[in-house]
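In: Need a 3D model of the sequence below.
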Amino acid sequence: MPSATAIAAETTTAQQGNDALKQQVGDLRATLASLTAEHEQAAKAVADANAERDRIAAETATAQQSGDALKQQVAQLSDQIAGRKTEQAGLDKEVDYLQATLAGLTAEHEQAAKTVGDGNAERDRIAAENHHSPAGQ
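Out: Residues are numbered from 1 along each chain as shown. Okay, the predicted model is just below:
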């Protein structure tokens with residue numbers, strides 16, 4: 001049987017070992033708490049990053065839709081411009097035709113006015129001759 005001194009020494013050694021284990025458990029609990037806090041921060045950072053990614057994806061989709069709508073508007077306006085250019089070309093031809101018609105009518109009017117003027121002059125000349133001639137008296 002061990003002596004009281006040996007038992008006391010073993011008890012002291014066991015107590016010191018127990019204290020060391022308690023210290024290690026405390027250190028491990030502190031490390032676990034720290035790692036848990038870091039894990040929670042990392043999880044929050046991942047969640048925030050995912051939320052930002054989703055927000056950016058939504059903004060990108062909205063911008064894409066706006067871009068598509070603008071492209072459609074540009075295409076419609078281009079079609080309208082092409083239609084207006086075609087219409088303008090038709091109106092230009094019509095204006096040219098009307099100007100040519102006006103020029104022709106103006107020339108005819110001037111010719112008719114000259115003819116009337118010549119006829120009036122001839123009438124006046126004949127009237128003057130008849131007025132001065134002895135047969136007309």
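
In: show me where the protein has strands.
Out: Secondary structure of the chain (DSSP state E): no strands present.

In: which residues of it score low on pLDDT?
Out: Per-residue confidence for the chain (pLDDT under 70) gives these ranges: 133-137.

In: would you list every one of the helices in it?
Out: Secondary structure of the chain by DSSP state H: the helices cover 4-132.

In: gap between the residue nearest the centre of the chain and residue 62?
Out: In the chain, the centroid-proximal residue (CA atoms, centre = their mean) is residue 70; its distance is 4.2 Å. Here the distance between residue 70 and residue 62 works out to 13 Å (CB to CB, to the nearest Å). All C-beta atoms are positioned from the backbone trio N, CA, C, and that covers glycine.

In: got it, and residue 46?
Out: Counting by CB to CB - residue 46 and residue 62 are separated by 25 Å.

In: Distance from stretch 12-28 to the middle of the chain?
Out: 71 Å (CA atoms, centre = their mean, to the nearest Å).

In: can you check stretch 117-133 too?
Out: Centre to centre, stretch against its chain (CA atoms, centre = their mean), the figure for stretch 117-133 is 81 Å.

In: got the buried residues for it?
Out: By neighbour count with 16 or more other CB atoms under 10 Å, stretch 117-133 contains no buried residues.
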